[in-house]
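S.K.: A structural model of the following input is requested.
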Amino acid sequence: MNNGLTNTYVHSLAVSGTNLFAGTGGGVFLSTNNGTNWTAVNNGLTNTYVFSLAVSGTNLFAGTSSGGVFLSTNNGTSWTAVNNGLTYTQVSSFAVSGTNLFAGTQGGVFLYEVATLVNEKQSPGTYEVEFDASGFASGVYFYKLVVSPSNPLVTEGFTDVKRMMLVK
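M.R.: Model (predicted):
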């Protein structure tokens, strides 16, 4: 059952389709046959003590003991650190909600957003924003539109969340 799983201290499991991932004290391991055989998938993972894993679409996140959060968009073949704004790099747990990834750390909860397209005050009118999806994998994403009132006498704004599908 654990053939190839060189570190059997498993902290976390995650499933993406037919792929089973194990986060261990020796990195991330991938099984494509229900755990019978395992292969290490740690290229670019600079800290291989993995506490937590999370899957969101085709994104695989790994939370490490002192290296922060890493992202793989290719089933663990390569990893990139995504620690912008992360003040504590020991990540013990994850929760995924839409395109938001919440990471539990020693310093509290950290939110990783995929992208922010506009974050500035606008005059009333009609606007268009072009979204460059070249760095994103195919999948379902959520976007949120938040309108705050410009009139200080108006206390309620508008928030709407929609789903979009990216097909490449």
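S.K.: Follow the chain on from the least confident helix or strand in the chain by mean pLDDT and name the next helix or strand.
M.R.: Ranked by mean pLDDT, DSSP states H and E, the weakest helix or strand in the chain is strand 139-147, scoring a mean of 67. Moving toward the C-terminus from strand 139-147, the next helix or strand (DSSP states H and E) is strand 158-166.
S.K.: name the helices or strands packed onto that next one?
M.R.: Secondary-structure packing of strand 158-166 (3 or more C-beta pairs under 8 Å, 6 or more residues apart in numbering; DSSP states H and E): strand 139-147. Glycine gets a C-beta too; all of them are placed from N, C-alpha and C.
S.K.: all strands for this protein, in order.
M.R.: Using DSSP state E, the strands found in the chain span residues 10-16, 19-24, 27-31, 39-40, 50-56, 59-64, 69-72, 80-81, 91-97, 100-105, 108-112, 139-147, 158-166.
S.K.: who does the fourth one pair up with?
M.R.: Strand 39-40 has the following strand partners under DSSP bridges: strand 27-31 (antiparallel).
S.K.: what would the strands of the chain look like in a markdown table with distance to Tyr127 and mean neighbour count?
M.R.: Below are these laid out as a markdown table (distance: least, C-beta to C-beta, whole Å; neighbours: other C-beta atoms under 10 Å):
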| stretch | distance to Tyr127 | mean neighbour count |
| --- | --- | --- |
| strand 10-16 | 36 | 16 |
| strand 19-24 | 40 | 21 |
| strand 27-31 | 41 | 23 |
| strand 39-40 | 47 | 16 |
| strand 50-56 | 28 | 21 |
| strand 59-64 | 28 | 25 |
| strand 69-72 | 30 | 22 |
| strand 80-81 | 31 | 14 |
| strand 91-97 | 26 | 17 |
| strand 100-105 | 23 | 19 |
| strand 108-112 | 25 | 15 |
| strand 139-147 | 11 | 14 |
| strand 158-166 | 14 | 10 |
